[in-house]
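1. Task: produce atomic coordinates for the following.
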Amino acid sequence: MTALPKRKISHYRQGKRRAAIKIKAPKTTACPNCQQEKMAHRVCPHCGHYKGVLVTKV
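-> Numbering: from 1, shown residues only. Reported below is the predicted structural model:
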């Protein structure tokens with residue numbers, strides 16, 4: 001036998017539950033080469049360096 005809800009969950013209750021689920025802005029860090037803000041563990045879009053090594057030309 002499977003468990004089933006006894007009655008329909010109202011839009012109000014459903015909204016209260018989903019209110020805690022928010023989208024967050026991605027964390028950024030300063031690039032050690034050019035000090036611009038960049039996402040962690042990614043090539044810097046301003047200077048093209050990653051872990052102190054030039055990876056791409058900008």
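2. The lowest-mean-pLDDT helix or strand in the chain pairs with which strands?
-> When each helix and strand of the chain is scored by mean pLDDT, DSSP states H and E, strand 53-54 comes last, with a mean of 92. Applying DSSP bridges, strand 53-54 is found paired with strand 49-50 (antiparallel).
3. one step back: chain center to the least confident helix or strand of the chain: distance?
-> 25 Å (C-alpha atoms, centre = their mean, to the nearest Å).
4. What residues are recorded as beta-bridge partners of the residue nearest to Arg42 when sequence neighbours are not counted?
-> Among residues not flanking Arg42 along the chain, Tyr50 sits closest, at 7.4 Å (C-beta to C-beta, 6 or more residues apart in numbering). Using the backbone N, CA and C atoms, a C-beta is placed for each residue, glycine as well. Counting by DSSP bridges, Tyr50 is bridged to Val53.
5. could you pull out the strands for this structure?
-> 28-30, 37-39, 49-50, 53-54 (DSSP state E).
6. what mean pLDDT does the second one have?
-> If you average the pLDDT over strand 37-39, you get 95.
7. how much space is there between Ile9 and Arg17?
-> Noted for Ile9: a distance of 8 Å to Arg17, by C-beta to C-beta, to the nearest Å.
8. Do you have the helices of the chain handy? List them.
-> Remark: helices assigned in the chain by DSSP state H are 11-18.
9. most centrally placed residue in it?
-> Centrality entry for the chain: nearest residue to the mean C-alpha point is Pro26, 4.2 Å, by C-alpha atoms, centre = their mean.
10. isn't it right up against Met39?
-> Yes - the pair Pro26 / Met39 is scored as a contact, 5.7 Å apart, by C-beta atoms under 8 Å.
11. ok so, going back, mind listing what the residue nearest to the centre of the chain touches?
-> The contact partners of Pro26, by C-beta atoms under 8 Å, 6 or more residues apart in numbering, come to Met39.
12. related to what we said a few turns ago, okay if I get the strands of the chain as JSON lines plus mean neighbour count and distance to Ala3?
-> As requested, the strands of the chain are exported to JSON lines (neighbours: other C-beta atoms under 10 Å; distance: least, C-beta to C-beta, whole Å):
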{"stretch": "strand 28-30", "mean neighbour count": "12", "distance to Ala3": "44"}
{"stretch": "strand 37-39", "mean neighbour count": "15", "distance to Ala3": "42"}
{"stretch": "strand 49-50", "mean neighbour count": "17", "distance to Ala3": "50"}
{"stretch": "strand 53-54", "mean neighbour count": "11", "distance to Ala3": "55"}
